[in-house]
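S.K.: 3D model of this:
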Amino acid sequence: QHAAPEEVQGAACCAPTGEFTAAARGKIPGVTGIILAGGASSRMGSNKALLPYRGGRFIEAIYRLLDRLFAEVLVVTNTPEQYRFLPCRKVPDLFPGMGALAGLHAGLRESAGPWIFAVACDMPYLDGELIRRLFAAGGGGDAVVPESGGGPEPLHAFYGKRCLPFMEEALREGKRRIVSFYDRVEVNRVPAAEVALLDPRFDSFRNVNTPAEYYRLRGAERGEAITGMWGNAAVSSPASGSWGG
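M.R.: Just a heads-up that it's a prediction; the model follows:
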């Protein structure tokens, strides 16, 4: 079952077309960038979004990249006072305590455009070119989700307004995982082999969870060898419900 076009007016406007046009070199039309900043950061011991990174804070680097790609950027957070330094709207969860899916739902509901591109606040290797290519590869549907060797990457993905009723339905059923509503909408999956053409190691999907991972990241930023920097450290799957926390 898929959402009927009339359920969400304008959701198809500016949908991914499957064409990589010259216009894609500017800001991607009809899409709001969403940063999910609502996790507890329990393994890090402090708010990851506010850790020093590239001359500012972690979330600032992510904001700057999304701001280059999209006309609107939102931060989904229940503690907006912590992010006053970001010149964008901050919106709260409507389903507190329900993790990443609740964050996506809030961001999509509040977005000005018919689509969102969503990421967590602790993903240091986002690649603007890959994000553009994913949008161009969309070819319709209700969501555009890349895959890596581990499967779908739902926290580096595009979602259209037609997903809203099904996200909410899943949340009311007590489901927290982002992928829990995928069988109710049309998901356009971008195969890992296509993603690997631009990001062979799938670094775009990695996040930072522990102090050890953070210090390895800072070491790499100072010019130390990046190869193998992640070692055997755990990297959370976005589908698990952990989002920037």
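S.K.: contacts, neighbours, all on C-alpha from now
M.R.: Fine.
S.K.: Need the three-state assignment for the one residue sitting closest to the centre of the chain.
M.R.: Nearest to the geometric centre of the chain sits Val119, at 1.8 Å (C-alpha atoms, centre = their mean). Taking DSSP: H, G, I helix; E, B strand; the rest coil as the rule, one finds Val119 in the strand state.
S.K.: Tell me, how many residues neighbour the closest residue to Arg54 other than its chain neighbours?
M.R.: Leaving out its chain neighbours, the residue that sits closest to Arg54 by C-alpha to C-alpha, 6 or more residues apart in numbering is Ala61, at 7.1 Å. Ala61 has 20 neighbours, counted by other C-alpha atoms under 10 Å.
S.K.: for Glu81, same thing?
M.R.: Glu81 is flanked by 9 other residues according to other C-alpha under 10 Å.
S.K.: and it, that's in a helix?
M.R.: Yes - assigned with three-state DSSP, Glu81 falls within a helix.
S.K.: begin at 403 from here
M.R.: Got it, first residue is 403 now, which makes that one Glu483.
S.K.: end-to-end on stretch 535-544?
M.R.: 17 Å (C-alpha to C-alpha, to the nearest Å).
S.K.: Give me the pLDDT value at Asn611.
M.R.: pLDDT for Asn611: 75.
S.K.: meant to ask about Ala614, not that
M.R.: At Ala614, pLDDT is 75.
S.K.: same thing with the one 3 residues further on?
M.R.: Model confidence at Tyr617, given as pLDDT, is 72.
S.K.: buried ones in the strand or helix carrying it?
M.R.: Per DSSP states H and E: Tyr617 is located in helix 613-623. In terms of neighbour count (16 or more other C-alpha atoms under 10 Å), helix 613-623 has its buried residues at Glu615, Tyr616, Arg618, Leu619.
S.K.: Next, work out how far apart the first one and Lys563 are.
M.R.: Summarising the geometry, the distance separating Glu615 from Lys563, computed by C-alpha to C-alpha, is 35 Å.
S.K.: tell me which strands and helices the helix or strand hosting Glu531 is in contact with?
M.R.: Secondary structure assignment for Glu531, by DSSP H and E: helix 530-538. In terms of contacts (3 or more C-alpha pairs under 8 Å, 6 or more residues apart in numbering; DSSP states H and E), helix 530-538 is packed against strand 545-550.
S.K.: can we see that at 6 Å?
M.R.: Helix 530-538 is packed against no helix or strand, with contacts defined by 3 or more C-alpha pairs under 6 Å, 6 or more residues apart in numbering; DSSP states H and E.
S.K.: Return the set of buried residues in that helix.
M.R.: For helix 530-538, by 16+ other C-alpha under 10 Å, it's Leu532, Ile533, Arg534, Arg535, Leu536, Phe537, Ala538.
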